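Student: please find the sequence and the predicted model below.
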Amino acid sequence: MPAGPSVQHTAPTALVAGRGGGRSGHQEEDVDVVARQAGTTPTDGAGSGPAGAHRPVDATGLERLADLAARLVGAPSAQVVLVHDDVHEVVAAVGLPPGVEQHRFEVPEDTLCHLAASEERALVVRDAARDPRSARFPEAERGELGSYLGVPLREGERTVGVLCVYGPEPRDWSDHDVASLQQLGASALAELDLARVADEVERTRLRIGLAIDAAGVGGWDWDLATGELDWDDRLLDIFGVEREDFGRSIDAFSSYLHPDDVDRVGAALQRAIDTGGTYEAEFRVLRPDGHERWVQGRGRALCDAEGRTTRMIGAAFDTTDVRDGDARVARVLESMSAAFYALDRDFRFTYVNAEAERLLGRPRDELLGGSVWELFPATAGSTFEEHYRAAVATGEQVAFEAHYPPPLDGWYEVRAWPVPDGLSVYFLEISQRRQAQAQVLAAAARLELLSRTTHQLTEVLDARTAVARLAATVVPDLADWSVVTLVEPDGGLRDVGWAHRDPERTRLVERYAARRFVDLAPSAPVLEALRTGEPAGLARDAAALLDRTLGDAEARRLAAELAPEALEVLPLRAHGRTLGMLTLFWGPERGAPTPRTSPPRGRSPPAPGRPSTTPGSTRSSATSPRPSSAAC
């Protein structure tokens, strides 16, 4: 089979020095070793690696992530590597040396990407020539590889890939560089999940189309990379073959064909592979029980991003004793992997297939004859009713995505088309796809906030001012209002920054911050976080908690006016001690944050005085000093 997709990039001169239009033998060797340490190999124009190792992946989003990784940490080169059983595949890269392209390859044991894939956390190599993990490499000794930072992409206990950045010079990778790359790693995983879910949805849609077109009852799936041919139980029944006796290959399929049909069917399959098109053939099957049957087969080629056929899927059905049209359609609908039902002009169920029974959570005996609006009351007045009635009124097919609340509680892709006696509907559950899309968008939003605040904080040289900016930076993206507190050398607490999403209420927060440490109860979340070094807070009834723990009457009155529903205190730690705290508040309209809104427990925000890793913003609140209050 052809090799996987490849993209060439030009490396910065700092990484590949002195390379012109041609390469000497020594220069070509330099390209080889740098690429090998980065986790890819040079090529002469054709990919290499064992058959079946390549998984087609849409690399567009991953290429953007690799480019963003390089720019965000200021590295010459970056790439995303997928880990297979004994093969690594570069699916996205920037800054590769000339002559190096993305493709799968045999992974040697002495590559940094191999080491990163075996780690559970980031692999940080600041000076490749001095680091014992890489100093033995000749390229590190010659100064061709100076530094490397890689994070494993893990799904549960399994490593599926590596996101890395690297360069020819030694470099002291900061905590911010590591955190940024880990954030991008989460985005890369979400991108891979989205690609897998989208691929499954597309396969399902193709199977449905083929089943309807071919009126088929049996399905097959042929992986051209591995040569494995998979038949479902119905197709095995048509051929009269037991599963354990089927060879799971195209040769096994051909062995059941009539000798006069073998060449013709093989030519039809080859045309579909060569053109990336469709396959159709009717042929005779010689069953093991001695009976001869006629079978109609149809299929479609699936191609990778380069247009090369990697897979074929299809359907087949026995045409020996074709029944009447209604029975034939019924077989198709029952064999579909998508849910299908039919409604009459009064929107009552007249037919429901097995998959629709499963997704709707009711047996067909309960559905048939019932009104869709009465059996599923949430559809009344919803997107479902709007589109269903529009299809009947206009006589045109409609397609849409919509959410149905509990007990179904799922997202569905729906297609409905009018027929003379009502409406035909088929639908797929796409909750996983929507979730993957939401994860990608959320990861991008978090990354954009991190990049923006880091850029703004690096413009501030004074640590106290930088930390004070943190309060305004997280509002309103992470919270409705916030307060930043520093721990004084004598152990006292000083609020140095505050912000509210409503500018008119910022002064109210300032007055609250000025009074809240007066006679504060030891059980207050801010003191708990100071004692333990761990986040502390409450997901609901935060106003009641403040009323119990605030000792100052004016502070209690201001807290009641601000009316927080939830709060979270995040310690700002460095060098094993708490240097300050960030307190986030959410009002009743917004409610308690989701688990991803605030940092997980045990991973507090960066400490003050380190603007390269502390979020910031140009929208800063007042930072005038006030007398410190002793911590109780």
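Tutor: Happy to help now that I have it.
Student: remind me, longest strand of this structure?
Tutor: Ranked by residue count under DSSP state E, the longest strand found in the chain is strand 292-303.
Student: all helices of the stretch 301-450 of the chain, in order?
Tutor: Per DSSP state H, counting those that start in this stretch, the stretch 301-450 of the chain carries helices over the ranges 325-335, 354-360, 364-367, 372-375, 383-394, 431-457.
Student: again with the stretch 101-250 of the chain
Tutor: For the stretch 101-250 of the chain, the helices defined by DSSP H, counting those that start in this stretch occupy 112-117, 138-141, 175-214, 233-239, 250-254.
Student: can you lay out those helices as TSV showing distance to Tyr426, mean pLDDT and mean neighbour count?
Tutor: The C-beta positions use only the backbone N, C-alpha and C, and glycine is treated the same way. Below are the helices of the stretch 101-250 of the chain laid out as TSV (distance: least, C-beta to C-beta, whole Å; pLDDT from 0 to 100; neighbours: other C-beta atoms under 10 Å):
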stretch	distance to Tyr426	mean pLDDT	mean neighbour count
helix 112-117	42	85	23
helix 138-141	57	78	18
helix 175-214	7	79	19
helix 233-239	19	90	18
helix 250-254	29	95	16
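Student: so which of those is nearest Ser371?
Tutor: For Ser371, the closest of these is helix 175-214, at 26.3 Å, according to C-beta to C-beta.
Student: show me what contacts the residue nearest the centre of the chain?
Tutor: When the chain is reduced to its mean C-alpha position, the nearest residue by C-alpha atoms, centre = their mean turns out to be Ala190, at 1.1 Å. Residues in contact with Ala190, defined by C-beta atoms under 8 Å, 6 or more residues apart in numbering, are Ala436, Gln439, Val440, Ala443.
Student: ok, 10 Å please
Tutor: Gly61, Leu65, Gln435, Ala436, Gln437, Ala438, Gln439, Val440, Leu441, Ala442, Ala443, Ala444 (C-beta atoms under 10 Å, 6 or more residues apart in numbering).
Student: show me which residues of the longest strand of the chain are buried.
Tutor: Neighbour-count burial for strand 292-303 flags Arg293, Val295, Gln296, Gly297, Arg298, Gly299, Arg300, Ala301, Leu302 (criterion: 16 or more other C-beta atoms under 10 Å).
Student: pretty sure Thr159 sits against Leu115.
Tutor: No - under the criterion of C-beta atoms under 10 Å, Thr159 is not in contact with Leu115, lying 11.5 Å apart.
Student: overlap in contacts, the two.
Tutor: Residues touching both Thr159 and Leu115 by C-beta under 10 Å, 6+ apart: Pro152.
Student: got any ranges where the protein has weak pLDDT?
Tutor: By pLDDT under 70, the low-scoring segments of the chain are 1-59, 97, 99-110, 208-217, 321-331, 446-447, 449-468, 591-632.
Student: for Gly240, see how far away the residue of it most remote from its centre is.
Tutor: The outermost residue of the chain, judged against the average C-alpha position, is Gly290 (51.4 Å), by C-alpha atoms, centre = their mean. Distance of Gly290 to Gly240, given as C-beta to C-beta, to the nearest Å: 9 Å.
Student: also Leu82?
Tutor: Per C-beta to C-beta, Leu82 is found 41 Å from Gly240.
Student: so for the two, which residue has more residues nearby?
Tutor: Leu82 (24 against 16; other C-beta atoms under 10 Å).
Student: which helix or strand contains the more buried one?
Tutor: In this structure, Leu82 sits in strand 77-83 according to DSSP states H and E.
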